[in-house]
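Participant: when you get a sec, could you give me coordinates for this:
(one chain, ligands or ions: 2)
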Amino acid sequence: MRYLSTRGQAAPRDFEGVLLAGLAEDGGLFLPESWPELSPAEWRALRGLPYHELAARLLRPFVGDSLTAGELGAMTRDAYAGFGHPAVVPLAQLDTRIFALELFHGPTLAFKDLALQLVGRLFDHALARRGERITVVGATSGDTGSAAIEACRDRAAIDVVILHPEGRTSEVQRRQMTTVPAANIANLAIQGDFDDCQDLVKAMFADAPFRAEMNLAAVNSINWARIAAQIPYYAAAALALGAPDRPVAVSVPTGNFGNVLAAWAARRMGLPIERFIVGSNRNDILARFLAANDMSARPVDPSLSPSMDIAVSSNFERLLFELLGRDAAATADIMTRFRAEGRMPVPDAAWRRATALFDGFALDDQGTLEEIGQLYRECGYLADPHTAVGTAAARARLPADPSLPVVVAATAHPAKFPDAVERATGVRPPLPPRMADLYGREERFSVLPRDLAAVEGFVRRHARRNAG
Ligand SMILES: Cc1ncc(COP(=O)(O)O)c(C=O)c1O
Ligand SMILES: N[C@@H](CCOP(=O)(O)O)C(=O)O
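Facilitator: Ligands and ions are numbered 1, 2, ... in the order given. Now for the predicted structure:
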């Protein structure tokens, strides 16, 4: 399997090349040259497999020759062995048609663990084989950071610097990142918002000498391996609900568009997902796009679902490339204009193709609190604010076909956002016992302005200290 950049100017490469490159050199994102497809019989044969086996089977075509089937199978087994639920990604039924796909049973209590526990192991394998070391730079609005840190801590060949927006994550999220006593991990609180952090990360990748000097790698969903490893849980849910003989819809609380893109990739592989509901908080660029082809960036507004406080969704570029019939020149042109003008000129035909499958819904903080409260009162279910955006979106945009179940991505554990959950329900969800002392642990992080030279200097010093 080879991978191409959405902007057409970077050299194609194999899975391992894409894993280590992260962002393509032309600023684009990698996608497989062609989509592997399973027949209905092949999907049926996957029903009932343990999650780690399902993941290995579905990832096999993406990985190609970079790993043997045995290596991949051992890696997925190991990656999910420590999850806190035997099903790894259990489904909870919330009403006759709406199901929560719980993606928060991993070590850091958010869906990022499903991909990053595997990506950490993929890094180890590739680096040992090549005898290389990498510097991971990542931007987080709260959850990617701790999942990446947990996946890469204490590795001799990996240094990690995670940028989070100062004061804009929940306290639990911040402490999960800043209290890890591993020499290869560093945290930066950037005086800005998540988009500033993401821009700084992309700017480091665009600085070719720095990128080469540091051998930069990515843990954000700009890295194709992240998206690939998020596909199997949609398959697990759909198969459990009767796919491929019964289609489903998904509702995904969305920020950087990586998670819903993984669901769309599952559809490209032949899984019958008929509708994609994109939930946003008041940072509603995607809802505005889907309602009226208005993809215009606005300043980020802090909300009760901080992980989705994102103005520009990186992975939309991957969908755009597909909507444009894989026209890389057109994709590059539109992305350049978006960067310069703050408004993405998506051709009407491409927008119509998007709306044929995707629906958007935005919910403000008051609506989020009401949804958390209602879920608790009516189903006894404690949802975190991001999941609540997803369930509210599922209800508001419930597909007309009454036989279609809706799978809501339950993306974080409620204990990561105890203040909002307590406000809505009166119940303060406790952290798991292994994290019970989180508030007593010492924090380590530096604060920097959103200044590329300052951030690159910090990354260089961190990497040199660990290498030497
Ligand atoms: C808890 C939670 N929900 C939803 C999202 C949005 O997911 P995505 O960025 O893949 O759209 C994030 C951040 O990625 C998150 O951490
Ligand atoms: N919500 C994310 C933001 C980064 O998204 P990613 O999927 O591109 O890593 C977070 O929690 O950090």
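
Participant: neighbours of the residue lying closest to residue 387 once chain neighbours are set aside, how many?
Facilitator: Here the nearest residue to residue 387 in space, its sequence neighbours aside, is residue 410; by CB to CB, 6 or more residues apart in numbering that works out to 4.3 Å. C-beta: built from backbone N, CA, C; applies to glycine. Other residues near residue 410 number 30, with proximity taken as other CB atoms under 10 Å.

Participant: beta partners for residue 410?
Facilitator: On the basis of DSSP bridges, residue 410 is bridged to residue 102.

Participant: dump the residue contacts of it.
Facilitator: Shown in contact with residue 410 (CB atoms under 8 Å, 6 or more residues apart in numbering): 92, 100, 101, 102, 103, 104, 383, 384, 387, 390.

Participant: same thing with residue 329?
Facilitator: Residues near residue 329 by CB under 8 Å, 6+ apart: residue 8.

Participant: then the helix or strand containing it to CSV, C-alphas only?
Facilitator: Here residue 329 sits within helix 328-341, counting by DSSP states H and E. Presented in CSV, the C-alpha positions along helix 328-341 are these (Å, rounded to 0.1, in the frame of the first residue of the first chain):
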residue,chain,number,x,y,z
ALA,A,328,-4.5,17.5,-5.6
ALA,A,329,-3.9,20.8,-7.4
ALA,A,330,-7.5,22.0,-6.6
THR,A,331,-7.1,20.9,-3.0
ALA,A,332,-3.8,22.7,-2.7
ASP,A,333,-5.3,25.9,-4.2
ILE,A,334,-8.3,25.8,-1.9
MET,A,335,-6.2,25.2,1.2
THR,A,336,-3.8,28.0,0.3
ARG,A,337,-6.7,30.4,-0.2
PHE,A,338,-8.3,29.3,3.1
ARG,A,339,-5.0,30.0,4.9
ALA,A,340,-4.7,33.5,3.3
GLU,A,341,-8.4,34.6,3.4
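
Participant: centre of the chain to stretch 406-413, how far?
Facilitator: Stretch 406-413 has its C-alpha centroid displaced from the chain centroid by 13 Å (CA atoms, centre = their mean, to the nearest Å).

Participant: check stretch 95-107 too.
Facilitator: In terms of CA atoms, centre = their mean, the centre of stretch 95-107 is set 16 Å apart from its chain centre.

Participant: again with stretch 130-149
Facilitator: Averaged over its C-alpha atoms, stretch 130-149 has a centre that lies 13 Å from its chain's centre (CA atoms, centre = their mean).

Participant: do the same with stretch 62-70
Facilitator: Going by CA atoms, centre = their mean, the spacing between the C-alpha centre of stretch 62-70 and its chain's C-alpha centre is 23 Å.

Participant: also stretch 357-367?
Facilitator: Distance of stretch 357-367 from the chain centroid (CA atoms, centre = their mean) equals 18 Å.

Participant: how about that stretch: buried residues?
Facilitator: Within stretch 357-367, the residues that qualify as buried by neighbour count (16 or more other CB atoms under 10 Å) are 358, 359, 360, 361, 362, 363, 365, 367.

Participant: pLDDT, secondary structure and distance to ligand 1 added to the residues you listed, as JSON lines?
Facilitator: What follows is those, written out as JSON lines (pLDDT from 0 to 100; DSSP: H, G, I helix; E, B strand; the rest coil; distance: CB to the nearest ligand atom, whole Å):
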{"residue": "358", "pLDDT": "98", "secondary structure": "strand", "distance to ligand 1": "13"}
{"residue": "359", "pLDDT": "98", "secondary structure": "strand", "distance to ligand 1": "15"}
{"residue": "360", "pLDDT": "98", "secondary structure": "strand", "distance to ligand 1": "12"}
{"residue": "361", "pLDDT": "98", "secondary structure": "strand", "distance to ligand 1": "14"}
{"residue": "362", "pLDDT": "98", "secondary structure": "strand", "distance to ligand 1": "14"}
{"residue": "363", "pLDDT": "98", "secondary structure": "coil", "distance to ligand 1": "13"}
{"residue": "365", "pLDDT": "98", "secondary structure": "helix", "distance to ligand 1": "15"}
{"residue": "367", "pLDDT": "98", "secondary structure": "helix", "distance to ligand 1": "16"}
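
Participant: since that was my last question, I'll sign off now.
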